[in-house]
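Chemist: Let me see the structure of the following:
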Amino acid sequence: MKIRIANNIRKEEDKLICLICEAPLLHSLSWRSFFFFKTEEKICRECKESFIKIKGSVCRKCGRPQSSEKLCPDCLKWEANPKTCGLLQQNRSVYVYNPFMKEVLARFKFRGDAELVYAFAPSFSRAFQTYCSHSDIALVPIPLSEERKKERGFNQAERLASLLNRPIMQPLIRTENEKQSKKSKAERLKQKTVFKTEKGSVKGLNVMLIDDLYTTGATLHHAAECLKADGEANTVSSYTLIRS
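Modeler: Purely as a prediction, here's the structure:
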């Protein structure tokens, strides 16, 4: 039996290549990692080191890296507006949006490489345990429009949420279809209705929105507004892969 398992480990080891650059992965599979293969690193050291994790001081509200925990300029604007003040309790993110991450994210989102989600899995899961370990939260991935999801073949926010091994709710429906990446910062901030939900869909729940990228915060604030006003959520916070 041990010989058979050892042979299987060797076969799996021979197949291991980096999900990003396709270089052979040099680390050996342990007995434990053979049985829990999805938890292993699936990118090479060079690619892993090309990602920059967010460390040190961040804006206490949105998690933007900066020299202090004071509110960043964007958050000051959100909190100064009576309509958006307090909508989003807090955001935390794992990575900085550097050129390497920008290219990998483009492959993941726009070129249909859904398996790239596993390049982020260990760090995304570990950081979640640090920032968002509360047991009473409901995970809600930011939805795509039906047309956009059909075009891509998957929703990247759903893929990321699936890494966290928690129940996922999908109370939000996206009502606009234009790509956010095509819009300017001003256009994103001016958007009116972006999501809808059924009355009381998340009543009394503490919602954790999951998304790939926090840029201006507009999408997450629109989602939070919808979930609190119509969905009757208790609180809404967010966890994203990247903070630009």
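
Chemist: hey, let's count contacts and neighbours off CA atoms from now on
Modeler: Fine.

Chemist: Span of stretch 149-159 from start to end?
Modeler: This stretch, stretch 149-159, spans 12 Å end to end (CA to CA, to the nearest Å).

Chemist: Check which residues of it are buried.
Modeler: Buried residues in stretch 149-159, counted by 16 or more other CA atoms under 10 Å: 152, 154-159.

Chemist: and the residues you listed as a markdown table, adding secondary structure, pLDDT and distance to residue 212?
Modeler: Conversion of these to a markdown table gives the following (DSSP: H, G, I helix; E, B strand; the rest coil; pLDDT from 0 to 100; distance: CA to CA, whole Å):
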| residue | secondary structure | pLDDT | distance to residue 212 |
| --- | --- | --- | --- |
| 152 | helix | 92 | 15 |
| 154 | coil | 96 | 13 |
| 155 | coil | 97 | 10 |
| 156 | helix | 97 | 7 |
| 157 | helix | 98 | 6 |
| 158 | helix | 98 | 10 |
| 159 | helix | 97 | 10 |
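
Chemist: how about the strands in the chain?
Modeler: For the chain, applying DSSP state E gives strands covering 91-96, 137-141, 173-174, 195-196, 206-214, 235-243.

Chemist: Save the ones you listed as TSV, and put in distance to residue 72 and mean neighbour count too.
Modeler: Listed next are those as TSV, based on distance: least, CA to CA, whole Å; neighbours: other CA atoms under 10 Å:
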stretch	distance to residue 72	mean neighbour count
strand 91-96	13	24
strand 137-141	25	22
strand 173-174	28	16
strand 195-196	26	20
strand 206-214	14	23
strand 235-243	13	25
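
Chemist: Reformat those as TSV; add mean pLDDT and distance to residue 125.
Modeler: Supplementary listing: those in TSV, determined by pLDDT from 0 to 100; distance: least, CA to CA, whole Å:
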stretch	mean pLDDT	distance to residue 125
strand 91-96	98	10
strand 137-141	96	13
strand 173-174	96	26
strand 195-196	97	27
strand 206-214	98	12
strand 235-243	98	10
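
Chemist: which stretch among those strands comes nearest residue 25?
Modeler: Distance to residue 25, taken as CA to CA, is lowest for strand 91-96 among the strands of the chain, at 22.4 Å.

Chemist: can I see the domain layout of this structure?
Modeler: Using automatic domain parsing, the domain parsing of the chain gives 2-47, 57-243.

Chemist: Most tightly packed of the ones you listed?
Modeler: Mean neighbour counts were taken over the domains of the chain using mean count of other CA atoms under 10 Å, and the top value, a mean of 18, falls to domain 57-243.

Chemist: any idea which of the buried residues of stretch 149-159 is closest to residue 105?
Modeler: Lowest distance from residue 105 to the buried residues of stretch 149-159 (CA to CA) belongs to residue 156, with 9.7 Å.

Chemist: Can you tell me how far the residue nearest to the closest one when sequence neighbours are not counted is from residue 143?
Modeler: Of all residues not flanking residue 156 in the chain, residue 109 sits nearest, at 6.4 Å (CA to CA, 6 or more residues apart in numbering). The span separating residue 109 from residue 143 equals 13 Å under the rule CA to CA.
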